[in-house]
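Chemist: quick one: sequence and predicted model below, then my questions.
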Amino acid sequence: MTDSKSLPTLPDRLSVNPRSPHHVAEIFEHNIGIRLNGKERFDVEEYCISEGWVKIPSHKALDRRGQPLLITLKGTVEAFYN
C-alpha cells in the first residue's frame with residue numbers, strides 16, 4: 001500500500017486529457033476515485049470541486065476531431081486516492 005504522506009495533493013480541478021491545461025501527470029501515477037453526490041463514478045474525464053461539476057463522455061456523440069462529447073453533471077464532488 002502506498003504511504004499517504006508521499007501522495008501529491010489533489011488539485012481543485014483535474015483533467016484526464018493530456019492536452020488540457022488542468023492535466024497533472026504525476027497525480028495519475030496513483031489510483032484516483034471521484035464521488036458525485038455520494039455515488040462513486042468511474043467514467044469521469046474532468047472535475048472541479050469548488051464549482052461542483054464533473055464531465056463524462058457521451059456514448060455515441062463525437063466532436064469534429066473524433067473525440068467523445070463531454071456531458072457536465074453538477075453536484076457535490078469529492079476526489080480521493082484509492
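Modeler: The structure has been received and is ready for your questions.
Chemist: go through the protein and flag its longest strand.
Modeler: Ranked by residue count under DSSP state E, the longest strand found in the chain is strand 53-62.
Chemist: mind checking the SS state of the residue nearest to Asp63 when sequence neighbours are not counted?
Modeler: With Cβ to Cβ, 6 or more residues apart in numbering as the criterion, Asp63 has its nearest non-adjacent residue at 5.7 Å, and that residue is Leu69. Bear in mind the C-beta positions are built from the backbone N, C-alpha and C, glycine included. Of the three states, Leu69 takes strand under DSSP: H, G, I helix; E, B strand; the rest coil.
Chemist: how near is the spatially most central residue of the chain to Arg64?
Modeler: Residue closest to the average C-alpha location in the chain (Cα atoms, centre = their mean): Glu46, at 3.8 Å. Plainly put, Glu46 is 19 Å away from Arg64 if you go by Cβ to Cβ, to the nearest Å.
Chemist: still on that earlier bit, gap between the longest strand of the chain and the chain center?
Modeler: 12 Å (Cα atoms, centre = their mean, to the nearest Å).
Chemist: same check, this time on stretch 34-45
Modeler: Centroid displacement of stretch 34-45 relative to its chain, using Cα atoms, centre = their mean, is 8 Å.
Chemist: now do the contacts for Ile34.
Modeler: Going by Cβ atoms under 8 Å, 6 or more residues apart in numbering, Ile34 touches Glu40, Arg41, Val44, Tyr47, Val54, Val77, Glu78, Ala79.
Chemist: Ser58 reaches Thr72, doesn't it?
Modeler: No: the criterion here is Cβ atoms under 8 Å, and Ser58 misses it with Thr72 at 11.0 Å.
Chemist: any shared contact partners between the two?
Modeler: Both Ser58 and Thr72 lack any common contact, where contact means Cβ under 8 Å, 6+ apart.
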